[in-house]
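> Predicted structure and sequence below. I'll ask about it afterward.
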Amino acid sequence: MSDRRDGSRDGDPDGAREGVPEGVSEGAGERTGGAGGDGERAGGAPAGTGGAPSADGIRGTVRGSAQVPLSVLDLVTVGSGSTAHHSLRTSVELARLAESRGYHRHWVAEHHSMPGVASSSPAVILAHLAAHTSRIRLGSGGVMLPNHAPLAIAEQFGTLEALAPGRVDLGLGRAPGTDGRTAAALRGTARPDAEAAEFPDRLAELTRFLDDDFPAGHPYARVHAVPGPVQGPAARPPVWLLGSSGFSARLAGELGLPFAYAHHFSAAGTLPALALYRDSFRPSAVLDAPYAMIGVSVLAAEDEERARAQVLTGALAMLRLRTGRPGLVPTPQEAAAYSFSPAEREFTDGRLSNVVHGTPEQVRAGLDALVARTGADELMLTANVHGGAARLRSYELVADAYGMTG
């Protein structure tokens, strides 16, 4: 659920194939289990799964009085006056808090060349979080597949699975997680957009490496991702597709994979993308019914004024990013003192309208309304604001509002 730095959406690139790519079986995720919905919600969407742990590694567990499982999306935000070191320490605190309060998973997003985040290497961060937690699921939200060789991703996440068996998710995105120039530097090519167009084929290749099942005669038939199945029977992370448009929604549905939609920065497309995913869904070895999670910007505080002051820091940081002035996330004082032009105020107001913020009771009401409106099976909460303490407190207050415990 990575935010694209150039402001474009995860649209369909020219020449991108739709449908199931050659070499990817329907259900190109974990090979065991199924995931039917336990009842129906708004619009016929599958309901949450109740209190029982998921046997398939995909469906979350509802805690307290929450309508659906709640999870965490971590951008490892770096605020003005802080450092990447302190932000990474906050991520460890957040993962521990999330685990103790019943959040289902903690994902880390991939971003590059952005001073305000420190999440350029999700696999490295996840390995660190795995060493400091014991139960919560950990994953990428996501790894941007066009930026990496499929074999490298298979080996990184095979290593993570070996470090934290049964707790790792592999979320994959098609956007670069940065601007075009940085994407070109990452990929060593002058045409980075061509990589996105090849996403279905790269997904097929990654799936083959994860399953170690290239057919005889294939150039990679004797190439093995290790740790992996070549070393003996082994589980592997469930694959999720992430997106902010219809391309990944349709592909996830056709492959029978779980889908995560970036509502937090593309709210207008949420309902169409979820409808496309559900309409395109084909039962697979992974899921027998659609499972859709949406990313939501959330900030709970003791009062509305504090919540508003914090979310304005994230909105100003995004304004600066989108206008070519990236930097550390500003302090609440700096955001309050900033003189917005009419166009900047319009952008910021639009951004804030998609952030569920306020008192714990207001945030709970906003999240419940979002579930009712979208039929989402899980919510992944992100808090891209200045202070690490404010982020931690927000997740704690949300858990309090729902009576969640680990």
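In hand now; what should we look at?

> residue nearest the centroid of the chain?
Geometric centre of the chain, nearest residue: G141, 2.9 Å, by Cα atoms, centre = their mean.

> wait, what's in contact with the nearest residue to A66 once chain neighbours are set aside?
In this structure, A66 finds its nearest non-sequential neighbour in Y402, 4.4 Å apart by Cβ to Cβ, 6 or more residues apart in numbering. (Glycine included, C-beta is placed from N, CA and C.) By Cβ atoms under 8 Å, 6 or more residues apart in numbering, the residues touching Y402 are R63, G64, S65, A66, L70, R364.

> can you do 7 Å?
Contacts for Y402 (Cβ atoms under 7 Å, 6 or more residues apart in numbering) come out as R63, G64, S65, A66, R364.

> Out of those, who's the most crowded?
A66 (26 neighbours; other Cβ atoms under 10 Å).

> Wasn't that residue part of a helix?
No. According to DSSP: H, G, I helix; E, B strand; the rest coil, the state of A66 is coil, so it is not within a helix.

> thinking again about what came up before, any idea how far L381 is from the residue nearest to A66?
As judged by Cβ to Cβ, to the nearest Å, Y402 and L381 stand 11 Å apart.

> re earlier: does the residue nearest to the centre of the chain touch A109 like I think?
Yes. Using Cβ atoms under 7 Å, G141 is in contact with A109, at 5.0 Å.

> does the residue at the greatest distance from the centre of the chain count as helix, strand or coil?
Most distant from the centre of the chain: G217, at 36.1 Å, with distances by Cα atoms, centre = their mean. The three-state label given to G217 by three-state DSSP is coil.

> Quick check: phi and psi on it?
Main-chain torsions, G217, degrees, to the nearest 10: phi 90, psi -10.

> That one and R282: what is the separation?
G217 is 28 Å from R282, by Cβ to Cβ.

> what bits of this structure have low per-residue confidence?
Applying pLDDT under 70 to the chain flags residues 1-55, 176-180, 187-196.

> Looking only at residue counts, what's the top strand in it?
strand 292-300 (DSSP state E).

> Does L138 lie in a helix or a strand, and which?
strand 137-140 (DSSP states H and E).

> That strand packs against which elements?
Judged by 3 or more Cβ pairs under 7 Å, 6 or more residues apart in numbering; DSSP states H and E, strand 137-140 is in contact with strand 105-108, helix 122-131, strand 168-173.

> can you put those in JSON lines and add mean neighbour count?
Below are the helices and strands packed on strand 137-140 laid out as JSON lines (neighbours: other Cβ atoms under 10 Å):
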{"stretch": "strand 105-108", "mean neighbour count": "26"}
{"stretch": "helix 122-131", "mean neighbour count": "20"}
{"stretch": "strand 168-173", "mean neighbour count": "28"}
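
> could those go into TSV alongside distance to A225?
Below are the helices and strands packed on strand 137-140 laid out as TSV (distance: least, Cβ to Cβ, whole Å):
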stretch	distance to A225
strand 105-108	21
helix 122-131	13
strand 168-173	12
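
> out of the ones you listed, which comes closest to G375?
strand 105-108 (19.5 Å; Cβ to Cβ).

> what pairs with that closest one, and is each one parallel or antiparallel?
strand 70-74 (parallel), strand 137-140 (parallel) (DSSP bridges).

> quick one, whichever helix or strand comes after the first one and strand 70-74 angle?
Moving toward the C-terminus from strand 70-74, the next helix or strand (DSSP H and E) is helix 84-101. For helix 84-101 against strand 70-74, the angle by axes from the mean of the first three to the mean of the last three Cα atoms, to 10 degrees is 170 degrees.

> Now do the helices in the protein.
Counting by DSSP state H, the chain has helices at residues 84-101, 122-131, 150-163, 180-187, 192-197, 199-211, 246-255, 270-280, 304-322, 332-337, 342-353, 360-374, 388-402.

> Serialize those helices to TSV and add fields for distance to P115.
Converted to TSV, these look like this (distance: least, Cβ to Cβ, whole Å):
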stretch	distance to P115
helix 84-101	10
helix 122-131	17
helix 150-163	25
helix 180-187	12
helix 192-197	21
helix 199-211	28
helix 246-255	28
helix 270-280	29
helix 304-322	9
helix 332-337	15
helix 342-353	19
helix 360-374	28
helix 388-402	16
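
> Mind checking these for the one nearest to G116?
Going by Cβ to Cβ, the one of these nearest G116 is helix 304-322, 5.3 Å.

> Pull out the buried positions in that closest one.
Of the residues in helix 304-322, 306-322 count as buried by neighbour count, 16 or more other Cβ atoms under 10 Å.

> And for that helix, what's in contact with it?
Applying Cβ under 7 Å, 6+ apart, the set of residues contacting helix 304-322 is 5, 7, 114, 116, 299-301, 326-327, 329-332, 335-336, 338, 344, 347-348, 351-352, 355, 357-359, 384-387, 390.

> Run the chain-centre distance for that helix.
21 Å (Cα atoms, centre = their mean, to the nearest Å).

> The longest strand of the chain pairs with which strands, parallel or anti?
strand 259-261 (parallel), strand 355-358 (parallel), strand 378-382 (parallel).

> Output it as CSV, nothing but the C-alphas.
Taking C-alpha atoms only, strand 292-300 is exported to CSV below (Å, rounded to 0.1, in the frame of the first residue of the first chain):
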residue,chain,number,x,y,z
ALA,A,292,-10.2,-7.7,1.1
MET,A,293,-8.2,-5.5,3.4
ILE,A,294,-8.1,-1.7,3.2
GLY,A,295,-5.4,0.7,4.5
VAL,A,296,-6.8,3.6,6.5
SER,A,297,-5.1,6.7,7.9
VAL,A,298,-6.1,6.9,11.6
LEU,A,299,-5.1,9.1,14.5
ALA,A,300,-6.8,8.9,17.9
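
> That one vs helix 388-402, what angle?
Using the same axes, to 10 degrees: strand 292-300 against helix 388-402 is 110 degrees.

> quick one: contacts of stretch 226-238?
In contact with stretch 226-238 (Cβ under 7 Å, 6+ apart) are residues 29-30, 57-58, 154-155, 157-159, 161-162, 165-166, 168-170, 210-212, 224, 258, 286.
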